[in-house]
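Peer 1: Here is a sequence with its predicted model. Questions after.
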Amino acid sequence: MKTIIINGFFAKGNCGDESILHTWYEKLSNKYRIIASIDSDIFMKPETFNKNKIYNSIELIQNRRVDIFCRDDIIAYIIGGGGLGLGFGIEQWIHAAVRNKKLFYLGVTVHDEFLIGRDCIKQTNKNFFKSFDYIMVRDNISKKNIEEKFGVPANFYPDISFALSPEKVLFDLPKKFVTLTIRDNSNNDIQSIEKWIIKIQKFAKDNDVEVIYLPFDKSDKLFMESIGIKITEDYQEIYWCPKEVKYIISKAEMVFSMDRFHPIVFSLSTGVTCYYIQTQGCDYIQDKSFNLLNDWMLKEHYLLNKDLNCQFIKNKKFSTVSVETTKQINKFFDILNKKIESVSI
C-alpha cells in the first residue's frame, strides 16, 4: 500500500490541529497508509493513544526523522496543518525532495513572517514554495502573498477541517444551547473577557438557552476554570475528540469564540451563526480568523472589545457558506487525490 507522510502540529490535544489530522485520515486512508510527523515525543506516552483512537490507526514519527524517505512505498510528503512552514519539518522536506517524493503544502497560511528579513531569506522562501507540486492556502491574503511576492501559483480553498464529518456524542446535550470557547493566550485581558462572558450569559438567559463551555485544549480548560467557569465532566477532555466537538457545534443555536480559530471553522462548515471575539488588541488584518470571515463576507461577525454593545443576531448566510464551502473542499480533495494518484512507484 502506498504511504503518505503528513507533517503537522498533531498529538497535543489541540482540537483544531487534531481535527486536521482526523480529516486527512478520513479523506485519504481508504487509499493510502498515513504516517503523521509531529514535533514531539508525546506519541511515546500511552495516555495519548487511550484518549484518541485515531492514534491506534496511524503511525507516528518525529518530524526530524529523515531515514524513512528511503522507503519506496512513501510517495508523498505533505506539510499540512495550520500556519506551518518556516522550519517546521524543514529537514524532512529536504530529504523528501532529494528522494523525489511528491511535495504538497496544504491548508496553511502565508502571512508577514514569510515576507520579512534579508534578500537571501526571501529567495530561500521563494525556492521553498517553488519546490511543491501543489500549494493550497486557507485565505486569500496567503494566495496573494505567494503569487505576487514569490511568483508561485497557489490555490485558495477552505481550511482542511471544513471536510471533517461530525460524530454524535454519547451523552445528552441540552435542548437548546450556545457554545463558548475562550483561548488561553498566557496574556489574557481578563477584564474584557469577563465583560464578554456576562454579555453572552445574559444573551443565553434572555433567549432561554444554556451555555456549553467548550475548551479547545487543556490550557483553555484550565484558564476558564481559573476565572470561575465550571467545565462539566462531559467536556473535560472533549478537545481530543474533534468529530464530537464539531457535532456539538452543529447543534448549537450560536457559537462564540474568544481568540480561537477552529470554532468558527466548525460553525461556518455546519451553517451555525458564530461570533469571533478578539480580546488581545492585535492587528486584525493579519488575524487568520478575520481573514476567514472576511473571505466569506462575514467580517461583521469579527468583534473587538470596542464592540461590546453589539447585538447577537442569527445570520442565514452561514447556511449558504456551509453549502458553498462543502462544494469547494470536496473539489480540493478530488484534485489532491488525482495529483497523488499520478505518482508512480
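Peer 2: Okay, I see it.

Peer 1: show me the contacts for residue 188.
Peer 2: Residue 188 makes contact with 182, 223, 279, according to Cβ atoms under 8 Å, 6 or more residues apart in numbering. For glycine as for every other residue, the C-beta is placed from the backbone atoms N, C-alpha and C.

Peer 1: Please determine how far it is located from residue 205.
Peer 2: Using Cβ to Cβ, to the nearest Å, we find residue 188 at a distance of 24 Å from residue 205.

Peer 1: try residue 143
Peer 2: Distance, residue 143 to residue 205, using Cβ to Cβ: 43 Å.

Peer 1: go on, residue 75?
Peer 2: Following Cβ to Cβ, the distance that separates residue 75 from residue 205 is 55 Å.

Peer 1: More neighbours: which of these two?
Peer 2: residue 75 (20 against 11; other Cβ atoms under 10 Å).

Peer 1: strand partners of the helix or strand where that one lies, parallel vs antiparallel please.
Peer 2: In this assignment (DSSP states H and E), residue 75 forms part of strand 74-79. Strands that pair with strand 74-79, judged by DSSP bridges, come out as strand 3-7 (parallel), strand 102-108 (parallel).

Peer 1: hmm, back to that, considering the contacts of residue 188, which possesses the most neighbours?
Peer 2: residue 182 (26 neighbours).

Peer 1: Is it correct that that one is in contact with residue 263?
Peer 2: No: using Cβ atoms under 8 Å, residue 182 makes no contact with residue 263, being 10.2 Å away.

Peer 1: Residue 16 contacts residue 261, correct?
Peer 2: Yes: judged on Cβ under 8 Å, residue 16 makes contact with residue 261 at a distance of 6.1 Å.

Peer 1: downstream neighbour of the strand holding residue 75 in the secondary structure list?
Peer 2: helix 90-98.

Peer 1: Need the contact partners of that following helix.
Peer 2: 5, 7, 37, 63-66, 69, 77, 79, 103, 128, 131.

Peer 1: what's the answer for stretch 336-345, then?
Peer 2: 2, 4, 28, 31-32, 72-73, 75-76, 102, 104, 106, 133-134, 136.

Peer 1: again, 7 Å this time
Peer 2: 2, 72-73, 75-76, 102, 133-134 (Cβ atoms under 7 Å, 6 or more residues apart in numbering).

Peer 1: pull the CA atoms of stretch 54-74 into CSV?
Peer 2: Provided in CSV are the C-alpha atoms of stretch 54-74 (Å, rounded to 0.1, in the frame of the first residue of the first chain):
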residue,chain,number,x,y,z
ILE,A,54,-7.0,7.6,15.7
TYR,A,55,-3.5,7.1,17.2
ASN,A,56,-4.1,3.4,17.2
SER,A,57,-4.8,3.6,13.4
ILE,A,58,-1.8,5.6,12.2
GLU,A,59,2.0,5.5,12.6
LEU,A,60,3.6,8.5,14.3
ILE,A,61,7.2,9.7,13.8
GLN,A,62,9.2,12.7,15.0
ASN,A,63,9.5,15.4,12.4
ARG,A,64,13.3,15.2,12.4
ARG,A,65,13.4,11.7,11.3
VAL,A,66,14.6,11.6,7.7
ASP,A,67,15.8,8.0,7.0
ILE,A,68,12.1,7.0,6.4
PHE,A,69,12.2,8.7,3.0
CYS,A,70,14.4,5.9,1.7
ARG,A,71,11.3,3.6,1.7
ASP,A,72,9.9,3.0,-1.8
ASP,A,73,6.3,2.9,-0.5
ILE,A,74,6.4,6.5,0.6
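
Peer 1: what is the mean pLDDT for that stretch?
Peer 2: Across stretch 54-74, pLDDT averages out at 90.

Peer 1: Quick check: most distant residue from the centroid of the protein.
Peer 2: residue 206 (32.1 Å; Cα atoms, centre = their mean).

Peer 1: I'd like the next helix or strand past the lowest-mean-pLDDT helix or strand in the chain.
Peer 2: Each helix and strand of the chain was given a mean pLDDT (mean pLDDT, DSSP states H and E); the minimum falls on helix 46-51 at a mean of 61. Counting by DSSP H and E, the element after helix 46-51 in chain order, helix or strand, is strand 59-62.

Peer 1: now for that following strand, which elements pack on it?
Peer 2: Helices and strands touching strand 59-62, by 3 or more Cβ pairs under 7 Å, 6 or more residues apart in numbering; DSSP states H and E, are strand 33-38.

Peer 1: What strands flank the strand it packs on, and is each parallel or antiparallel?
Peer 2: Using DSSP bridges, the strands paired with strand 33-38 are strand 3-7 (parallel), strand 59-62 (parallel).

Peer 1: most tightly surrounded among those?
Peer 2: strand 3-7 (a mean of 24; mean count of other Cβ atoms under 10 Å).

Peer 1: between that strand and helix 90-98, how big is the angle?
Peer 2: 150 degrees (axes from the mean of the first three to the mean of the last three Cα atoms, to 10 degrees).
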